[in-house]
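Colleague: This is the structure alone, sequence omitted:
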């Protein structure tokens with residue numbers, strides 16, 4: 001089970017209206033016109049469609065929801081993907097993938113098999129740069145929920161004269177990753193409770209992310225029971241108005257996470273910030289003393305000569321963006337360049353001027 005995909009799913013609108021689930025893409029890569037997935041394709045900022053044999057592959061792990069979403073209750077399912085670049089428009093065809101594949105290809109490997117029958121064809125005049133394509137895949141999603149072993153994802157194919165790029169989950173600067181929307185009719189009574197969720201699991205805190213996601217929309221049939229069970233669970237969890245008498249236990253897999261798993265797939269970019277103020281004194285033109293810092297999440301050292309190194313306590317997944325200014329007391333602003341910027345930190349150099357110096361910076365990068 002892909003817990004990241006399950007955690008990132010948005011379950012809402014579940015009172016007496018339809019339930020909506022938004023599932024982010026878990027894997028995406030593409031097949032070249034020669035029928036090959038190359039080693040680096042799964043890490044690219046886009047999936048390239050250019051000619052017969054090319055295919056963009058996306059997977060959402062819908063099989064993980066089998067038993068949580070009943071196929072008969074699914075009213076609609078839509079594939080949404082972003083056309084980040086259109087050099088030559090052509091018809092695009094969405095098909096079901098029928099064999100295994102992975103974006104983490106080690107060397108070149110053949111692309112997976114595709115169903116000959118098209119689920120949907122997007123005409124060339126609707127293939128427009130920086131627009132979203134929305135495709136109805138209701139029947140295919142129902143099949144995956146009924147037969148989870150058949151879930152190998154979807155493929156977008158094109159004709160010989162087409163040259164189109166589809167955004168990937170890695171290409172946050174060039175487009176928006178694909179997602180899958182599933183709407184289902186509400187159910188009532190005991191059908192709302194995922195298999196295996198009982199008073200004991202609610203009491204000792206062992207309900208899984210998937211089970212919590214399923215229970216998220218339940219408002220009336222079991223709310224009273226949940227309140228009673230949680231308020232009598234040795235103080236581990238309490239309903240509103242009760243007094244906590246014991247420890248609050250939260251499973252390690254129930255968390256926001258470093259990748260923002262609980263945000264919708266099309267939400268804003270998930271960023272981490274830190275700020276710093278480094279102060280030191282220059283005695284003469286070569287002696288640096290009284291180094292101090294303000295802010296958390298980094299350390300600073302005078303590594304050599306007039307060079308300072310800022311090291312992030314927790315490295316970023318990639319090199320972040322740094323904005324800084326250099327102030328020399330009493331009222332002088334000096335320009336300087338950040339050097340050696342990486343996921344782990346950066347360096348800057350002090351000027352040879354006897355005074356108190358300050359470098360103030362703000363760092364923003366992906367979580």
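Modeller: That came through fine. All values reported here derive from a predicted model rather than from experimental measurement.

Colleague: what residue ranges in the stretch 101-250 of the chain score low on pLDDT?
Modeller: For the stretch 101-250 of the chain, residues meeting the criterion pLDDT under 70 lie at 186-199, 208-250.

Colleague: what ranges do the helices span in it?
Modeller: 138-146, 199-204, 209-215, 223-231 (DSSP state H, counting those that start in this stretch).

Colleague: following the last one, which helix or strand shows up next?
Modeller: Secondary structure here is assigned by DSSP states H and E; on that basis, the next helix or strand after helix 223-231 toward the C-terminus is strand 271-283.

Colleague: now that following strand: mean pLDDT?
Modeller: Mean pLDDT, strand 271-283: 91.

Colleague: ok, residue 144 to residue 174 distance?
Modeller: As judged by CB to CB, to the nearest Å, residue 144 and residue 174 stand 29 Å apart. Backbone N, C-alpha and C define where each C-beta goes, glycine included.

Colleague: So the two - more neighbours on which side?
Modeller: Legend: neighbour count by other CB atoms under 10 Å for residue 144 and residue 174, higher for residue 144 (24 against 15).

Colleague: Distance check, that one against residue 184.
Modeller: Counting by CB to CB - residue 144 and residue 184 are separated by 14 Å.

Colleague: now swap in residue 106 and tell me
Modeller: Residue 106 is 38 Å from residue 184, by CB to CB.

Colleague: now residue 332
Modeller: Taken as CB to CB, the span from residue 332 to residue 184 is 65 Å.

Colleague: now swap in residue 22 and tell me
Modeller: Distance of residue 22 to residue 184, computed by CB to CB: 13 Å.

Colleague: and residue 127, what are its phi and psi?
Modeller: Residue 127 adopts backbone torsions of phi -90, psi 100, taken as degrees, to the nearest 10.

Colleague: which of residue 22 and residue 184 has more neighbours?
Modeller: Using other CB under 10 Å, the more surrounded residue of residue 22 and residue 184 is residue 184, with 23 against 19.

Colleague: dump the residue contacts of the more buried one.
Modeller: 18, 19, 21, 69, 70, 73, 74, 75 (CB atoms under 8 Å, 6 or more residues apart in numbering).

Colleague: Run through the bridge partners of it.
Modeller: For residue 184, the beta-bridge partners are residue 19, residue 74 (DSSP bridges).

Colleague: Strands along the stretch 251-367 of the chain, start to end?
Modeller: Per DSSP state E, counting those that start in this stretch, the stretch 251-367 of the chain carries strands over the ranges 271-283, 287-294, 298-304, 307-312, 321-328, 332-334, 345-349, 355-366.

Colleague: I meant the stretch 1-150 of the chain, not that one.
Modeller: Assigned by DSSP E, counting those that start in this stretch, the stretch 1-150 of the chain shows strands spanning 10-12, 19-24, 27-31, 36-37, 46-49, 55-59, 74-88, 92-96, 109-110, 120-122, 131-136.

Colleague: Endpoint to endpoint, stretch 146-164 covers what distance?
Modeller: This stretch, stretch 146-164, spans 33 Å end to end (CA to CA, to the nearest Å).

Colleague: Would you mark the buried spots in that stretch?
Modeller: 151, 152, 153, 154, 155, 156, 157, 158, 162, 163, 164 (16 or more other CB atoms under 10 Å).

Colleague: cool, and stretch 65-76?
Modeller: Applying 16+ other CB under 10 Å to stretch 65-76 flags 65, 66, 68, 69, 70, 73, 74 as buried.

Colleague: cool, stretch 128-145 as well?
Modeller: Per 16+ other CB under 10 Å, stretch 128-145 contains these buried residues: 133, 135, 137, 140, 141, 142, 143, 144, 145.

Colleague: Quick check: end-to-end length of it?
Modeller: Using CA to CA, the end-to-end distance of stretch 128-145 comes out at 32 Å.

Colleague: Low-confidence stretches in the stretch 251-367 of the chain?
Modeller: Using pLDDT under 70, the stretch 251-367 of the chain drops low at 251-268.

Colleague: what's residue 315 sitting at in phi/psi?
Modeller: Torsion angles, degrees, to the nearest 10, at residue 315: phi -60, psi 150.

Colleague: Based on its surroundings, how many neighbours for it?
Modeller: 14.

Colleague: which one in the chain is furthest away from the centre?
Modeller: Farthest-out residue of the chain from its mean C-alpha position, per CA atoms, centre = their mean: residue 284, at 50.9 Å.
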